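Participant: Build me a model:
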Amino acid sequence: MKLVVGLGNPGSRYAATRHNVGARIVERLAERHRIFGGERRFEGRFAEGRIQGEDVGLLVPETWMNESGLAVALALRGLPVADPAHDLLAAYDDVDLPFGRLRLRPGGGAGGHRGMDDVLARLGRHDLPRLRFGVSRPPPLQGTTDWVLQPFTREEEAALPGLLDRAAAAVESFVDAGIEAAMSRFNAGE
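Facilitator: Residues are numbered from 1 along each chain as shown. This is a model prediction of the structure:
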């Protein structure tokens with residue numbers, strides 16, 4: 001089984017913020033594959049289905065962002081995920097990438113992202129595939145925390161459906177062919 005996790009903060013107040021784009025990617029993937037349900041499990045919303053012929057679990061933690069690792073650790077203990085280095089993908093926002101740019105990686109550090117930092121710390125490993133979605137740097141004199149907790153601009157929000165579809169396609173590529181193939185296809189143009 002593959003596990004795809006979309007990081008974000010719980011509640012309607014944060015649903016449309018930049019920090020929740022990881023959750024929105026997983027929600028878009030669920031729509032594309034008609035994986036509905038979203039039962040409360042593993043400290044988050046969880047659903048199972050098939051993508052590209054593979055069994056896939058979709059998880060959106062309902063912990064605060066900086067405690068995302070709790071949900072991921074619980075899911076890995078409760079699901080038949082053979083090897084997180086090949087079968088887990090975490091999707092989240094990245095202020096160091098231009099808006100809408102995707103970057104897949106097979107592992108590494110958290111790059112200052114507190115949610116991913118908690119995932120890495122709780123699992124005690126850095127070899128976890130991830131999909132980072134660019135939300136751009138904050139304007140001068142605005143802090144990063146305030147920036148990621150704001151909604152996208154009207155123009156960005158209008159562009160998001162196509163960008164979320166592209167991100168969902170990147171996850172499908174990961175599920176079907178692995179992180180290296182997905183990187184080759186979706187990291188182009190960096």
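
Participant: Quick check: buried residues in the helix ranked longest in the chain?
Facilitator: Ranked by residue count and defined by DSSP state H, the top helix of the chain is helix 154-177. Of the residues in helix 154-177, 160, 163-164, 167-175 count as buried by neighbour count, 16 or more other CB atoms under 10 Å. (Glycine included, C-beta is placed from N, CA and C.)

Participant: contacting residues around it?
Facilitator: With contacts defined as CB atoms under 8 Å, 6 or more residues apart in numbering, helix 154-177 is touched by 2, 4, 16, 21, 24-25, 28-29, 32, 51-54, 56, 89, 91, 99-100, 102, 104, 129, 131, 133, 151-152, 181-182, 185-186.

Participant: Those residues in helices, which ones?
Facilitator: Per DSSP H, these map to helices at 21, 24-25, 28-29, 32, 181-182, 185-186.

Participant: Make a markdown table from those and add neighbour count to it.
Facilitator: As requested, these are arranged in a markdown table below (neighbours: other CB atoms under 10 Å):
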| residue | neighbour count |
| --- | --- |
| 21 | 27 |
| 24 | 24 |
| 25 | 32 |
| 28 | 21 |
| 29 | 26 |
| 32 | 15 |
| 181 | 13 |
| 182 | 24 |
| 185 | 15 |
| 186 | 21 |
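
Participant: ok, of the residues you listed, which one's closest to residue 62?
Facilitator: For the ones in helices among the contacts of helix 154-177, the closest approach to residue 62 (CB to CB) belongs to residue 24, at 14.5 Å.

Participant: Low-confidence ranges, the chain, go.
Facilitator: 189-190 (pLDDT under 70).

Participant: so the residue nearest the centre of the chain bridges to which residues?
Facilitator: Central residue of the chain (CA atoms, centre = their mean): residue 91, 1.5 Å from the mean position. Taking DSSP bridges as the rule, residue 91 bridges to residue 6, residue 131.

Participant: I'd say it and residue 128 touch.
Facilitator: No - the criterion here is CB atoms under 8 Å, and residue 91 misses it with residue 128 at 11.7 Å.

Participant: Now do the contacts for the spatially closest residue to residue 129 that is not a sequence neighbour.
Facilitator: Nearest non-adjacent residue to residue 129, counting by CB to CB, 6 or more residues apart in numbering: residue 179, 4.4 Å away. Counting by CB under 8 Å, 6+ apart, residue 179 touches 86, 89, 104-106, 129.

Participant: Now do the strands in this protein.
Facilitator: Ranges of strands in the chain, per DSSP state E, are 2-6, 39-41, 44-51, 54-61, 88-94, 102-105, 130-134.

Participant: can you list the ones you listed in TSV and add distance to residue 147?
Facilitator: Formatted as TSV, the strands of the chain follow (distance: least, CB to CB, whole Å):
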stretch	distance to residue 147
strand 2-6	19
strand 39-41	30
strand 44-51	25
strand 54-61	21
strand 88-94	10
strand 102-105	19
strand 130-134	13
